[in-house]
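**Student:** can you look at this prediction? I've put the sequence above it.
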2 protein chains.
Amino acid sequence: MSHADPNHWTILRLLKAKPGGYVSGTFLASRLGLSRTGIWKHIQNLRALGYEITSHPKEGYRLEALPDLLIPEEVILNLNTSWLGHSYHYFKEIGSTNDQALSLASQGAPHGTVVVAERQTAGKGRMSRVWESPSLHGIYFSTLLRTAIPTQEAPQCNLTAALALTRVLSRDYGLKASIKWPNDVLMEGRKVSGILTEMQSDQDSTRFLVLGMGINVNQQPRDFDSSFPYPATSVAMEGGQPVMRQILLIRLLRELETLMDLFLAQGFSQLLEELESRSHVHGRDVRVHMPHEEVTGTVMGFTREGALRIRTGRGEESIIWAGDVTRVEGS
Amino acid sequence: MSHADPNHWTILRLLKAKPGGYVSGTFLASRLGLSRTGIWKHIQNLRALGYEITSHPKEGYRLEALPDLLIPEEVILNLNTSWLGHSYHYFKEIGSTNDQALSLASQGAPHGTVVVAERQTAGKGRMSRVWESPSLHGIYFSTLLRTAIPTQEAPQCNLTAALALTRVLSRDYGLKASIKWPNDVLMEGRKVSGILTEMQSDQDSTRFLVLGMGINVNQQPRDFDSSFPYPATSVAMEGGQPVMRQILLIRLLRELETLMDLFLAQGFSQLLEELESRSHVHGRDVRVHMPHEEVTGTVMGFTREGALRIRTGRGEESIIWAGDVTRVEGS
């Protein structure tokens, strides 16, 4: 794990303040109270993180390019959230960001803690499925929410994250995405993101939740080989160009905070219309697979708690809290 | 915490095999491969646990009375369950048996682990309420269930424990008790037991549950002082005589295993009729308080998942997954 080195923040800020220009080592050394050798060591560390920095014997240092990494140096400074991501745990590689966030939760990590990884070696999906998490192509992060949500409503938190992503894709990238209840985001019918909520709760409400999200960002068709378990796509494939992951993550975290504040204050009531308009199954005939039964019917929308409203063949309305939804062909 | 000393088991078995008679120290020493001094030390330990054992210079040792403690020496040997309580953690005093069981769960404790305490210093009820847990008067225990139950159904596990207690009170003690959905057992309208289920789950199903139960057993009216937060009673008060707590616990654990096996196999479908006949609110007019709203109506029964079916004034049926139920006066 790496937290940002405070000296890194300062050096980057000073370099970025002179776009295209050089900043002298002497100046940096005096501002940081370090020797010029000390500055040089920090520059080496920044280069190791992926920053392209040229050095000139007389002129000093010049920032040529930022790495598209989800490192705290780039994400935290630009986040401007009021509570989300203020505790930011960054990993180049980790088993599962959700497992790490659950572990941090049990150690007392604060509300809004975010765990981000460039790669997961054991990414988790629903129903003990694997979430493919190749290095640097995607965004894999988990958010710890210390909040009391009624236990049976908590799984629907997924929808907040799904809605945040569809909003960002639409507003900032001009891309259309839809929400497949309960936990996927689709583009052109193919999966671009999956969400896994884990929680600790009592019979009434949650103690804490961990909201984990995996997003396919810069994958190309060759990255989804034939062994891939479902039709998948990426933001880059749908938009026709690569996307800066750190910018997408920052936008998404901001939107997630906004929506989570709304959801925690009043459930989905303010969001129902938008949720339904972005729903992949709204108005469609679907089959819902549940542990004890199967229901077929037409999706009428969501309840204020995010459960699915289905009108069955007999004209009755069923409220579905959890299940696997598939569209019935032809609808 | 104490686990039973294997030598204790053997000595107790040999003493119990001769009810009212003496067992010589020499015999015990030879059977256990210990010195007579070693036997004497174990007898002292058993006395410290509460066993009344007289010693006679020539005759040896005689068991006069068992302590009414929930110690493994007495509970485990007589349990005869197939999975419940095989890992049995006994505490004279602990903060909360649920907290201890949650902690054991995170350390990998097996399915069916039971945590029992003679006294809780921080007993927990629903909604962060306190559960009064005075020493030796009650039974306070938690059961760890490593099982995948749909997240929104898991809180209804409570009903399994409530039903187990009402069955035992009825069958073995001739006492009538009723279930107040979602988590209390009442006798004559007063609370005799409360249940707190805590769990770790994902959006679909539980990883594990901890089912905690507090039972007022031998309290007398003076033990429920005026500061008591609700009308309470005890098994002894209702039955008119003190009850051996260890016998009640053993019976309850056996019944809980039976009912839990049924519930895990097929939900409450086989138990609906009995649950409804023992329900404190069945057929009654009630008001249900929920986080977002309040519903008034007549209780029609339970769903197979243990949710409450209410017929509202407009003749519609509402399914209630969580809430506080109060009877409307006069119904």
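**Tutor:** Cool, the structure landed. Computed from a predicted model, the values in this text were never measured in an experiment.

**Student:** low-confidence ranges in chain A?
**Tutor:** A:1-4, A:127-128, A:226-229, A:330-331 (pLDDT under 70).

**Student:** which bits of it sit near chain B?
**Tutor:** Chain A comes close to chain B at residues A:106, A:126-127, A:150-152, A:154-155, A:158, A:182-183, A:196-205, A:267, A:290-292, A:304-305, A:319, A:321-322, as judged by Cβ under 8 Å from any Cβ of the partner chain. Where you see a C-beta, it was placed from the backbone N, CA and C, and this is true even at glycine.

**Student:** neighbouring contacts of whichever helix or strand A:I53 is part of?
**Tutor:** Applying DSSP states H and E as the criterion places A:I53 in strand A:52-56. Residues outside strand A:52-56 that contact it (Cβ atoms under 8 Å, 6 or more residues apart in numbering or on different chains) are A:15, A:22, A:43, A:46-47, A:61-67.

**Student:** chain center to the helix or strand that it is followed by: distance?
**Tutor:** The helix or strand immediately downstream of strand A:52-56 is strand A:60-65, counting by DSSP H and E. Remark: strand A:60-65 is offset 30 Å from the chain centroid, using Cα atoms, centre = their mean, to the nearest Å.

**Student:** check stretch A:201-209 too.
**Tutor:** Put simply, stretch A:201-209 sits 23 Å off its chain's centre (Cα atoms, centre = their mean).

**Student:** from memory A:T298 sits against A:D285, does it?
**Tutor:** Yes - with contact defined as Cβ atoms under 8 Å, A:T298 reaches A:D285; the gap is 5.4 Å.

**Student:** closest one to chain B out of the contacts of strand A:52-56, please.
**Tutor:** A:P67 (33.1 Å; Cβ to the nearest Cβ).

**Student:** so how far is chain B from the closest residue in space to the closest one that isn't next to it in sequence?
**Tutor:** The shortest distance from A:P67 to any non-neighbouring residue, by Cβ to Cβ, 6 or more residues apart in numbering or on different chains, is to A:G50 (2.5 Å). Distance, A:G50 to chain B, using Cβ to the nearest Cβ, to the nearest Å: 34 Å.

**Student:** count the residues that sit near A:G50.
**Tutor:** 15 (other Cβ atoms under 10 Å in any protein chain shown).

**Student:** same deal with A:S277?
**Tutor:** A:S277 is flanked by 11 other residues according to other Cβ under 10 Å.

**Student:** hey, where'd the strands end up in the stretch 151-300 of chain A?
**Tutor:** A:178-180, A:184-187, A:190-202, A:206-216, A:285-289, A:294-302 (DSSP state E, counting those that start in this stretch).

**Student:** so what touches the first one?
**Tutor:** Taking contacts as Cβ under 8 Å, 6+ apart, the residues outside strand A:178-180 that touch it are A:159, A:162-163, A:166, A:185-187, A:191, A:275, A:278-281, A:325.

**Student:** show me where the stretch 51-200 of chain A has its helices.
**Tutor:** A:72-75, A:97-106, A:157-173 (DSSP state H, counting those that start in this stretch).

**Student:** quick one, the longest one and strand A:294-302 angle?
**Tutor:** What that stands for is helix A:157-173. Calculated by axes from the mean of the first three to the mean of the last three Cα atoms, to 10 degrees, helix A:157-173 forms an angle of 50 degrees with strand A:294-302.
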